[in-house]
Structures are given as C-alpha cells and as structure tokens.
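Got a sequence here, can you build the structure:
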Amino acid sequence: MSRFSTESDASAVVSTLKAILRDRKISYQELADELDVSLPTVKRMLNKPMIPLDRLMAICRIADVELGDVLSRAESLKPTHYEFSIEQDALFHSRPEFLAYFLELGLENKSPDEIATENQLNQRSTDSYLIGLAKIGLIERQMGNDVRLLVKGPYGFGAGSLVLRSRQAELIEGAVKMVMQPESDRHYAILKPVNLPEGAYREMIDELNAIVDKFAYLSESRKFTGNEPIESWNLSIAAGPYDDNNEAAIVNI
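Residues are numbered from 1 along each chain as shown. So this is what the prediction gives:
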C-alpha cells in the first residue's frame, strides 16, 4: 500500500474521500452513526489534513470503496511540481523580472501581447523576455509573439535555490516588521514562548506543517470556488529552543 510522502499527499486523500462521500450521498450524520461517534467528531475529522489509518479504512468500508482506489484517485489529482533548473534559477535570481514575466505566462495564462499592454512594454523588451526564457528551455517561440510553454505548473525551486535564499531573507525581514509594527488587521503575527516537553513540541510542529501543507495544496491546485479575488500572502513560521542567556538574573537589589 502506498505511503503518504508529505502532509499534502494526505490532504489530497481527505479531499478525495469527501468527494466520494458526496458522490454516494452519504451524509456526515450517516457516517457518524456508522462510526458510532458524534457529528462534531466527524466534521472535525474531515476538516483536518490527515485522517488516522484505522478511521480511513472504516470510512472506505462505509462508502464501499477500496482504499487503493482512493489513493490512486488522490494521486491523480495532486499537483506535480516542475522544479526550476540551476540555470533557470540563476537567471531568475539575477534578473527577477524574468521570473515575473514567466509567471504571467505560466500561471496567469496571459499572452505576450497582453503582458506588453498591461506593463507598457515595447517590442524590443518583449523580444528580450521571450528570447531569454526560450534560451533556458521554458518556452518555445512561434509566429509573431505567440509562445508554447514547455513546462507545466505548479512551479517550484529546489534545495539550494538562490531565489529561495533571497526570498527567505525578505520573508524573515517582513515577519519581524509585522511582529514589531503591525500595519493593519490583515497582518497576522504571533510571538509566543511555550513550555512543553519535547514530544508535545514535536506534535505542535507536525500539526503546523499539516495546516501549511493543506493550504499550500489549495494554493497550488487553485481549486477555489466563488468570486472572491485571489491574493498573495507571505507566511513565516519559526520555532526553536529558547535562549535563556538573555533573561535578567535575579540579584540583590
């Protein structure tokens, strides 16, 4: 049986299982009755990014579906990252405008002419972008300003990426600013010392990773409904042992 390599894999399984329950018209109340648990328990279970294996198998039995079928369907729905090469990463690091241009093509599905109009680019600049992206194997130029994408999203950077390093530095700087000087209620920041045994600390980290993976999966697969506009957000989470060397010592006063 397949194992979940990441929490996003498990999140895809949960989403698939919920879709199967809807298709077979099995309500949460019916599921709660079959599992001999409360309705709130079922709702909490199906709104977490991961379901314990014993519960997962029980739900599969109730829905009359093989676990292997659920895993296969989830795998087919899971977005597969294209990882930028060292050469592509180097260009995007030295010339970030090329990354912005490529994401307009690849993620926003805009044509070069649309990008030129929106950004007031002349033909010389458009040619420069297209030639540069073609040289590193991301697009193929066709007649006029038409292009064919050679890679499919979602896109990502690998370990050691120069782009990631610079962006991580920017994220950390931005996170510090939000903690010290929050600008509005749209900026969320929390700084909280916690006293926990090692096991509870690891459990907290696992749950945080699961939550981030859940919403990262939604972001990458772009499976949103409704007309609410999509925005880009910066997320920074850091944790580690507390350095008590900076604590004031208790002395005679």
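
where's Leu133 relative to Ser125, distance?
Noted for Leu133: a distance of 13 Å to Ser125, by CB to CB, to the nearest Å. (Glycine included, C-beta is placed from N, CA and C.)

Between these two, which is the more surrounded one?
Leu133 (24 against 15; other CB atoms under 10 Å).

For Pro40, see how far away the more buried one is.
Leu133 is 51 Å from Pro40, where distance means CB to CB.

likewise Ala58?
Taken as CB to CB, the span from Ala58 to Pro40 is 18 Å.

Which of those two has more residues huddled nearby?
Set Ala58 next to Pro40 and count neighbours by other CB under 10 Å: Ala58 wins out with 16 against 10.

which secondary structure elements does the lengthiest helix in the chain contact?
For the chain, the helix with the greatest residue count under DSSP state H is helix 198-221. Other elements packing on helix 198-221 under the criterion 3 or more CB pairs under 8 Å, 6 or more residues apart in numbering; DSSP states H and E are helix 7-23.

and the helix it packs on, how far out from the chain's middle?
Centroid separation for helix 7-23 versus its chain: 16 Å, with CA atoms, centre = their mean, to the nearest Å.

list the helices and strands it packs on?
Short answer (3+ CB pairs under 8 Å, 6+ apart): helix 7-23 packs on helix 39-46, helix 53-63, helix 67-77, helix 198-221.

and those as JSON lines, adding distance to Val13?
Formatted as JSON lines, the helices and strands packed on helix 7-23 follow (distance: least, CB to CB, whole Å):
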{"stretch": "helix 39-46", "distance to Val13": "11"}
{"stretch": "helix 53-63", "distance to Val13": "7"}
{"stretch": "helix 67-77", "distance to Val13": "4"}
{"stretch": "helix 198-221", "distance to Val13": "11"}
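
Mind putting those into a markdown table with mean pLDDT and distance to Ala90?
Shown next, in a markdown table, are the helices and strands packed on helix 7-23 (pLDDT from 0 to 100; distance: least, CB to CB, whole Å):
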| stretch | mean pLDDT | distance to Ala90 |
| --- | --- | --- |
| helix 39-46 | 87 | 44 |
| helix 53-63 | 90 | 43 |
| helix 67-77 | 80 | 32 |
| helix 198-221 | 78 | 24 |
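
so how far is Asn227 from the most centrally placed residue in the chain?
Centroid-nearest residue in the chain, with CA atoms, centre = their mean: Ala216, separated by 1.8 Å. Using CB to CB, Ala216 is found at 23 Å from Asn227.

Below-threshold pLDDT in the protein: ranges please.
Along the chain, the parts satisfying pLDDT under 70 run over 1-10, 49, 77-80, 170-172, 174-185, 189, 217, 220-226, 244-249, 251-253.

how about 90 then?
For the chain, the stretches flagged by pLDDT under 90 are 1-19, 22-23, 39-56, 67-83, 107-109, 143-144, 152-161, 163-253.

Kindly export the longest helix of the chain (C-alpha atoms) in PDB.
Output of helix 198-221 as PDB, limited to C-alpha atoms (Å, rounded to 0.1, in the frame of the first residue of the first chain):
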ATOM      1  CA  GLU A 198       9.900  17.500  23.600                       C
ATOM      2  CA  GLY A 199       7.100  15.200  22.500                       C
ATOM      3  CA  ALA A 200       4.400  17.900  22.700                       C
ATOM      4  CA  TYR A 201       6.700  20.400  20.900                       C
ATOM      5  CA  ARG A 202       7.200  17.900  18.000                       C
ATOM      6  CA  GLU A 203       3.400  17.300  17.900                       C
ATOM      7  CA  MET A 204       2.800  21.000  17.600                       C
ATOM      8  CA  ILE A 205       5.300  21.300  14.700                       C
ATOM      9  CA  ASP A 206       3.700  18.300  12.900                       C
ATOM     10  CA  GLU A 207       0.300  20.000  13.200                       C
ATOM     11  CA  LEU A 208       1.600  23.300  12.000                       C
ATOM     12  CA  ASN A 209       3.200  21.600   9.000                       C
ATOM     13  CA  ALA A 210       0.000  19.800   8.200                       C
ATOM     14  CA  ILE A 211      -2.000  23.000   8.200                       C
ATOM     15  CA  VAL A 212       0.500  24.800   6.000                       C
ATOM     16  CA  ASP A 213       0.600  21.800   3.600                       C
ATOM     17  CA  LYS A 214      -3.200  21.800   3.400                       C
ATOM     18  CA  PHE A 215      -3.400  25.400   2.300                       C
ATOM     19  CA  ALA A 216      -0.300  25.200   0.100                       C
ATOM     20  CA  TYR A 217      -2.000  22.300  -1.700                       C
ATOM     21  CA  LEU A 218      -5.100  24.500  -2.200                       C
ATOM     22  CA  SER A 219      -2.900  27.400  -3.400                       C
ATOM     23  CA  GLU A 220      -1.000  25.200  -5.900                       C
ATOM     24  CA  SER A 221      -4.000  23.400  -7.300                       C
END
